[in-house]
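*Asks:* Next one to model:
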Amino acid sequence: MRVMALLSILTPVLVVVLCLVIGFMLLKPQETGTPSTKTNLVSKADFRPWVDQDLQDDTKVTAREDEDGDVVDGNEEEDSPHVPFSLPRYPEETILKRAEDFYTLMNQRRSVRFISPEPVPREVIDIVIRTAGTSPSGAHTEPWTFIVVSDAEVKHQIRLIVEEEEEMNYRQRMGDKWVHDLAKMRTNWIKEYLDIAPYLVVIFKQTYGILPNGKKKTHYYNEISVSISCGILLAALQNAGLVTVTSTPLNCGAGLRQLLKRPANEKLLMLLPVGYPASDATVPDFKRKPLDEIMVHI
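*Replies:* Sure, this is the predicted structure:
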């Protein structure tokens, strides 16, 4: 009887204790998770990553439906006819000579940060950009936009946007090792050449196109395609006797897109100041890797 009486007293107590234990176990993950969730929300709102979101490769190789319900599809255009193709067939010694001459020309290319304000004929810029437009592209989508800026005020606004972000890159985002590795090039966030160069070429990748019916068109491998066209542009500039420095200003995409009134489907890829080298221009005395370090012949 005493045992039964004891149990009748203890049972409610045990039930209460058990409920408290279970309740504590259920609430503990929520309590430990709540501060981190709040922290994440705050950090995401304030965080400005050193990795530029515009430079992330967002290539889509399949059709999909976007947030507006428009189908992304690159197959709504008519099939292109094929035409005969041929190139001049040079003798072997001529091929070798042409290849060697082109290598000699391109081996003289350097990234030049000291650019002359001397005017460059606009026709030359038009031709080198037309040359860049001969680049191959995924499904021949030609997903590039080259913005040529010669207006002094617009160039200065570009400089202000770039320098503001670049200072933050150097001071906060890039890290000590990156800044140290750049020191041998004697570069920092001050970009005087953005005012001085007669032309700035701002290159955007089109992440998708717009079809005549208003639907979005898939731009396959847009990042790679536009990067190849930039390489051809560098070669064309070198061939014309002009210089540039390849610049990928981190976190400037939104500001430059707004300044230059570019649509949402265009993302900043590269910024090139273009002109003749300054009379007192200098470049680092870098050496290129020998052929056996960059080529594997199987």
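
*Asks:* What are the boundaries of the strands in this structure?
*Replies:* 64-65, 71-72, 144-149, 199-206, 208-210, 216-218, 266-274 (DSSP state E).

*Asks:* Those strands: which one's closest to residue 90?
*Replies:* For these, proximity to residue 90 was assessed by Cβ to Cβ; strand 144-149 is nearest, at 30.6 Å. Just so you know, the C-beta spots here come from the backbone N, C-alpha and C atoms, and that holds for glycine as well.

*Asks:* what residue ranges in the protein score low on pLDDT?
*Replies:* Of all residues in the chain, those with pLDDT under 70 make up the ranges 1-78, 169-189.

*Asks:* Contacts only, for the closest residue in space to residue 207 that isn't next to it in sequence.
*Replies:* Leaving aside its chain neighbours, residue 207 sits nearest to residue 265 (5.3 Å; criterion: Cβ to Cβ, 6 or more residues apart in numbering). Residues near residue 265 by Cβ atoms under 8 Å, 6 or more residues apart in numbering: 206-210, 216.

*Asks:* just the buried members of the residues you listed?
*Replies:* With burial judged by 16 or more other Cβ atoms under 10 Å, the buried subset of those is 206-209, 216.

*Asks:* From residue 191, how far out is residue 244?
*Replies:* According to Cβ to Cβ, to the nearest Å, residue 244 stands 13 Å off from residue 191.

*Asks:* Between the two, tell me which one has more neighbours.
*Replies:* Legend: neighbour count by other Cβ atoms under 10 Å for residue 244 and residue 191, higher for residue 244 (27 against 22).

*Asks:* The more buried one pairs with what?
*Replies:* residue 111 (DSSP bridges).

*Asks:* isn't it right up against residue 237?
*Replies:* Yes - using Cβ atoms under 8 Å, residue 244 makes contact with residue 237 at a distance of 5.7 Å.

*Asks:* which ones are touching the closest residue to residue 266 other than its chain neighbours?
*Replies:* On the basis of Cβ to Cβ, 6+ apart, the spatially nearest residue to residue 266 that is not a chain neighbour turns out to be residue 204, at 3.9 Å. Residue 204 makes contact with 144-145, 147, 226, 257, 262, 266-269, according to Cβ under 8 Å, 6+ apart.

*Asks:* These into TSV, with extra columns for neighbour count?
*Replies:* Putting the contacts of residue 204 into TSV (neighbours: other Cβ atoms under 10 Å) gives the following:
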residue	neighbour count
144	25
145	17
147	19
226	25
257	18
262	18
266	23
267	22
268	26
269	22
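
*Asks:* Now tabulate the residues you listed in a markdown table and tack on distance to residue 277.
*Replies:* Below are those laid out as a markdown table (distance: Cβ to Cβ, whole Å):
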| residue | distance to residue 277 |
| --- | --- |
| 144 | 26 |
| 145 | 27 |
| 147 | 23 |
| 226 | 26 |
| 257 | 30 |
| 262 | 30 |
| 266 | 30 |
| 267 | 30 |
| 268 | 25 |
| 269 | 24 |
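
*Asks:* How far does stretch 279-287 stretch from one end to the other?
*Replies:* Using Cα to Cα, to the nearest Å, one end of stretch 279-287 lies 23 Å from the other.

*Asks:* Please enumerate the helices of this protein.
*Replies:* Counting by DSSP state H, one finds helices in the chain at the ranges 2-46, 92-107, 122-132, 152-168, 175-183, 193-196, 222-239, 253-259, 291-294.

*Asks:* May I have the fourth one as PDB, with CA atoms only?
*Replies:* What that stands for is helix 152-168. Extracted as PDB, the C-alpha positions of helix 152-168 are listed here (Å, rounded to 0.1, in the frame of the first residue of the first chain):
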ATOM      1  CA  ALA A 152      35.700  62.900 -70.500                       C
ATOM      2  CA  GLU A 153      33.000  63.200 -67.900                       C
ATOM      3  CA  VAL A 154      31.800  59.700 -68.300                       C
ATOM      4  CA  LYS A 155      35.300  58.400 -68.100                       C
ATOM      5  CA  HIS A 156      35.800  60.300 -64.900                       C
ATOM      6  CA  GLN A 157      32.500  58.900 -63.400                       C
ATOM      7  CA  ILE A 158      33.800  55.400 -64.300                       C
ATOM      8  CA  ARG A 159      37.100  56.200 -62.500                       C
ATOM      9  CA  LEU A 160      35.200  57.300 -59.400                       C
ATOM     10  CA  ILE A 161      33.200  54.100 -59.300                       C
ATOM     11  CA  VAL A 162      36.200  51.900 -59.900                       C
ATOM     12  CA  GLU A 163      38.500  53.600 -57.400                       C
ATOM     13  CA  GLU A 164      35.900  53.500 -54.600                       C
ATOM     14  CA  GLU A 165      35.500  49.800 -55.000                       C
ATOM     15  CA  GLU A 166      39.100  49.100 -55.600                       C
ATOM     16  CA  GLU A 167      40.200  50.900 -52.400                       C
ATOM     17  CA  MET A 168      37.900  48.600 -50.500                       C
END
